[in-house]
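J.: pasting a predicted model and its sequence here:
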Amino acid sequence: MSVKILKTWDEHLELLRQVVGGFTDRRTGDNLSYSMEDIGLGAFSVFFTQCPSFLAHQKTMQQAKGQSNAQSLFHLEEIPSDNHIRQTLDPIPPQKLFPCYDAVFESLGQGGHWQSWRTLQDTLLIALDGTWYGSSKKIHCPNCSCLEHKSGDKTYYHSALTPVIVAPGQPHAIPLRPEFIIPQDGHTKQDCEIAAAKRWLENNAAHYADLKATLLGDDIYCHHLFAGALCCTVFTSSSSASLSPTPRSTTGSTCSSVRNWAP
Ligand SMILES: [Zn+2]
């Protein structure tokens, strides 16, 4: 299937604008002055600059000079407050952003760029790893995981499994659809990551089955639950390290080769 090849910053931004413009808008009454596109791009701009007070800073700049970077870089027509962004976007399931991951990834494939990442028997290396993207000792929500310290203190945090395609000597990584770690996934780092990795396989193995991919993971993934989950997907192992797309199989030989995948 032919997909649009994204080349410029503006083309990527337009993709994001289209996706967030399709988000369900639950606002009512007079609370509709900002478009969903501006709210979504306002949130993106915060993460892009890694500055939590970016919007307040932009507003100050705008008042001072008339034109802000938020408008020129991200094509924001209006600049919503960070509170308004949170209230509007919090109910949106993160999976609604997956079309952005898919479009960028497929665009790279359509442009022939995947070849730059192929290695190890001509496969693509998908590295699985978990990462925190927010934590606090005081502020928490129902979606927070919780780390209880021996001192009695607690750290509340959000984390996700963030699969990326990597290759030796390749300075860039290609992000694939993430899987969010939820409180029900467990209390230890290994329990949480394995549960999320199992879910990622269940939700995405068929989607990425044509890639001819090798999964990479640290010692956390040397776990029978993860190996078992591999056996139940369209990914199976044809050698001790590579996972190639073959018909669904749960044969003993496949499971044994998957176990061998653990170093
Ligand atoms: Zn939370």
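T.: Structure's in. What do you need?

J.: which stretches of the stretch 101-250 of the chain have low pLDDT?
T.: 232-250 (pLDDT under 70).

J.: close to the ion: what parts of it are there?
T.: 141, 143, 144 (C-beta under 5 Å from the ion). Just so you know, the C-beta spots here come from the backbone N, C-alpha and C atoms, and that holds for glycine as well.

J.: spit out the contact partners of residue 6.
T.: Residue 6 makes contact with 12, 15, 103, 104, 107 under the criterion C-beta atoms under 8 Å, 6 or more residues apart in numbering.

J.: apply 10 Å and report the result again.
T.: If you count contacts by C-beta atoms under 10 Å, 6 or more residues apart in numbering, residue 6 has them with 12, 13, 14, 15, 103, 104, 106, 107, 108, 110, 111.

J.: how near is the fifth one to residue 13?
T.: In other words, residue 103. 12 Å (C-beta to C-beta, to the nearest Å).

J.: more neighbours, those two?
T.: Using other C-beta atoms under 10 Å as the criterion, residue 103 and residue 13 rank with residue 103 on top: 19 against 16.

J.: contact partners of stretch 148-158?
T.: By C-beta under 10 Å, 6+ apart, stretch 148-158 touches 131-141, 143-147, 180-183, 187.

J.: try 8 Å
T.: Contacts of stretch 148-158 (C-beta under 8 Å, 6+ apart): 132-137, 139-141, 143-147, 180-181.

J.: give the rounded mean pLDDT of stretch 15-23.
T.: Averaged over stretch 15-23, pLDDT sits at 95.

J.: packing partners for the longest helix seen in the chain?
T.: In the chain, taking DSSP state H as the definition, the longest helix is helix 189-204. Contacts defined by 3 or more C-beta pairs under 8 Å, 6 or more residues apart in numbering; DSSP states H and E place helix 189-204 against strand 130-136, strand 154-161, strand 179-181, helix 224-231.

J.: next, the angle strand 130-136 makes with the second one.
T.: Same thing as strand 154-161. 150 degrees (axes from the mean of the first three to the mean of the last three C-alpha atoms, to 10 degrees).

J.: mind listing what's buried in strand 154-161?
T.: 156, 157, 158, 159, 160, 161 (16 or more other C-beta atoms under 10 Å).

J.: contacts only, for the most centrally placed residue in the chain.
T.: Per C-alpha atoms, centre = their mean, the C-alpha nearest to the average position across the chain is that of residue 178, at 3.0 Å. Residues in contact with residue 178 (C-beta under 8 Å, 6+ apart) are 94, 101, 160, 161, 162, 163.
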